[in-house]
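1. Would you be able to build a 3D model of this:
(one chain, ligands or ions: 1)
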Amino acid sequence: MSVQAKPVEVFDLVIFGGTGDLAMRKLLPALFHRFADGQIPDDSRIIGVAREEIDSDEYAKRVKDAIKQAAGDNKDLAKQVDPFLKLVGYHPLDATVDKGWNEFAEDLSDAKRIRIFYLSTSPSIFVDLCERLRQHNLHCGRSRVVIEKPIGKNLESAQRINDAVGAVFDESQIFRIDHYLGKETVQNLLALRFGNALFEPLWNSAHIDHVQITVAETLGVGTRGSYYDTAGALRDMVQNHLLQLLCMVAMEPPASLDADAVRDEKLKVLRSLTPIDNENAGKLTVRGQYRAGATRDGAAPGYLEDLGDDHSNTETFVALKTEVANWRWAGVPFYLRTGKRLPERVSEIVVSFRCIPHSIFENGSGPIAANKLVLRLQPDEGVKLWVMSKYPGPGGLRLQRVALDMSFAEAFGVQQPDAYERLLLDVVRGNLTLFMRRDEVEAAWSWIDPILNAWQTSSEGPKSYVAGTWGPSASVALIERDGRTWHDDEDEQ
Ligand code: BG6
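-> From the prediction side, this is the model:
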């Protein structure tokens, strides 16, 4: 049975950076899908803002191209393109120049409407933008601001951004987006852990041996080299997406789904991570950088070629081991790894349970493997529980591991919405549960900064790995030293 999504209230959404890549590739297609599903009222408005001097018609043409791609050859969706474009407008504006701001403010003067300002620009202009919004009194009433990562490069710069945005908007109006929290399987982790009696009693160090979180990408840095080279995988992926996933796995049950109840619990996890610094970074972290190789799509250039430079110490791969030092998790390693130009695009969380304490089966029945719960975020979203089962037929009690396998697409017969679809509507609804609070972002940086510092002061740079492989061999050693291996679904068969 499909559940009809409820329409949201009428809103004005302003996208600063409205001509940019994120707006065209993610935000506008996400809004289009929600519109086509009947969730966005016809008199809502979506207003692109950028410095480029184009008019609303030209902007609508660009939006049309972007969403036509999203509609693909689905005829029902194609019919919705023109009605959606009626919502779309454009204002050319420069945050550092007065021109146009009065007209823009006039256009948004209906303070009874929900007003959303999506800052999809470089953080360097967040301060100017917020200041403009305040000057024109657009920050109050039912206004909300959405900020995208990167929220800083370290704790200090994150605090500066948070101070600047916080000087204009109240924390309850600030939506710090981490699109991983909008992914269906991540939300499903809440459903799985707290909507079933089955898992929670086992969810602790007495029953869980270790946890792995992998976010692997096949693509390289492409045209984003100039940003990426100032960030690297630790800042770009671990500080936000991977740590947020870790929090969802490790947090205590919140008292409710209320935003602060959930965020309080995640914050406690971040504050309980065991520190990695100069003393132990060499042992607990591995960083890598891809060199030329081959992926499934053919020959792939190295990072330096993608970057167009002959030297860089930026990591495109990280693997690390940490622990959540609290009563529930002490002694359970959390292995995290992420990288670009790896063999497959796969994001998953693997919870490995402890082995059975004693086997009643004879030697010939094969090794008894530990249970594993695998939450697949992408592609093929789903949940697999690996259990031991009797191999059918006579010939004794031979055991083999087999997966109880639930694919969301098959179970629910619906296409999984993009993370931004859920998150954008949550902003309209004013629901902050899936957005990061200031103290969370800063706690994550407080844990990341000493790792960055250890790397910067180390005489060693990132280890090179061939594009299309699973990163430097040291990342395999990181986990194998502990007598464990990185999960590979194919090895389980
Ligand atoms: C972004 C990173 O936040 O997430 C990118 O900046 C990365 O480098 C992307 O490619 C991955 O997102 P997804 O949803 O494709 O897994």
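2. Any idea which residue of this structure lies closest to the ligand?
-> residue 236 (4.7 Å; Cβ to the nearest ligand atom). Glycine gets a C-beta too; all of them are placed from N, C-alpha and C.
3. Now do that residue against residue 217, distance only.
-> 11 Å (Cβ to Cβ, to the nearest Å).
4. ok, the residue of the chain closest to the ligand touching residue 228?
-> Yes: assessed by Cβ atoms under 8 Å, residue 236 is found in contact with residue 228 at 6.6 Å.
5. Burial check on the residue of the chain closest to the ligand, number of neighbours?
-> Number of residues near residue 236 (other Cβ atoms under 10 Å) recorded here: 23.
6. what's the neighbour count on residue 371?
-> Number of residues near residue 371 (other Cβ under 10 Å) recorded here: 20.
7. correct me, but it touches residue 386?
-> Yes: applying Cβ under 8 Å as the test, residue 371 and residue 386 come out as touching, 6.0 Å apart.
8. same for the longest helix along the chain, what does it pack against?
-> In the chain, ranked by residue count with DSSP state H as the criterion, the top helix is helix 438-457. Under the contact definition 3 or more Cβ pairs under 8 Å, 6 or more residues apart in numbering; DSSP states H and E, helix 438-457 sits against helix 155-166, strand 174-176, helix 259-272, helix 281-284, strand 285-291.
9. Go through those and pick out the most buried.
-> strand 285-291 (a mean of 26; mean count of other Cβ atoms under 10 Å).
10. And that strand, what does it pack against?
-> Looks like strand 285-291 contacts helix 303-307, strand 317-323, helix 438-457, strand 463-466, helix 473-480 (3+ Cβ pairs under 8 Å, 6+ apart).
11. can I get the ones you listed in JSON lines with mean pLDDT and distance to residue 170?
-> Shown next, in JSON lines, are the helices and strands packed on strand 285-291 (pLDDT from 0 to 100; distance: least, Cβ to Cβ, whole Å):
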{"stretch": "helix 303-307", "mean pLDDT": "95", "distance to residue 170": "40"}
{"stretch": "strand 317-323", "mean pLDDT": "98", "distance to residue 170": "33"}
{"stretch": "helix 438-457", "mean pLDDT": "97", "distance to residue 170": "11"}
{"stretch": "strand 463-466", "mean pLDDT": "97", "distance to residue 170": "45"}
{"stretch": "helix 473-480", "mean pLDDT": "97", "distance to residue 170": "43"}
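12. which one of the ones you listed lies closest to residue 251?
-> Closest to residue 251 of the helices and strands packed on strand 285-291, according to Cβ to Cβ: helix 438-457, at 11.2 Å.
13. and for the closest one, what are the contacting residues?
-> Outside helix 438-457, the residues that touch it by Cβ atoms under 8 Å, 6 or more residues apart in numbering are 151-152, 154-155, 158-159, 162, 166, 171, 174, 176, 234-235, 238-240, 243, 263, 266-267, 270-271, 273, 275-278, 281-282, 285, 287, 315, 320.
14. Please name the nearest non-neighbouring residue to residue 243.
-> Distances taken as Cβ to Cβ, 6 or more residues apart in numbering place residue 444 nearest to residue 243, at 5.1 Å, with adjacent residues excluded.
15. where does the nearest residue to residue 130 once chain neighbours are set aside land on pLDDT?
-> Setting aside the residues directly before and after it, residue 130 is nearest to residue 168 in space (Cβ to Cβ, 6+ apart), at 4.1 Å. pLDDT for residue 168: 95.
16. so what's residue 168 up against?
-> 130-131, 133-134, 139, 145.
17. what sits against the residue nearest to the spatial centre of the chain?
-> In the chain, the centroid-proximal residue (Cα atoms, centre = their mean) is residue 180; its distance is 2.4 Å. Residue 180 makes contact with 186, 240-241, 244-245, 377, 419 under the criterion Cβ under 8 Å, 6+ apart.
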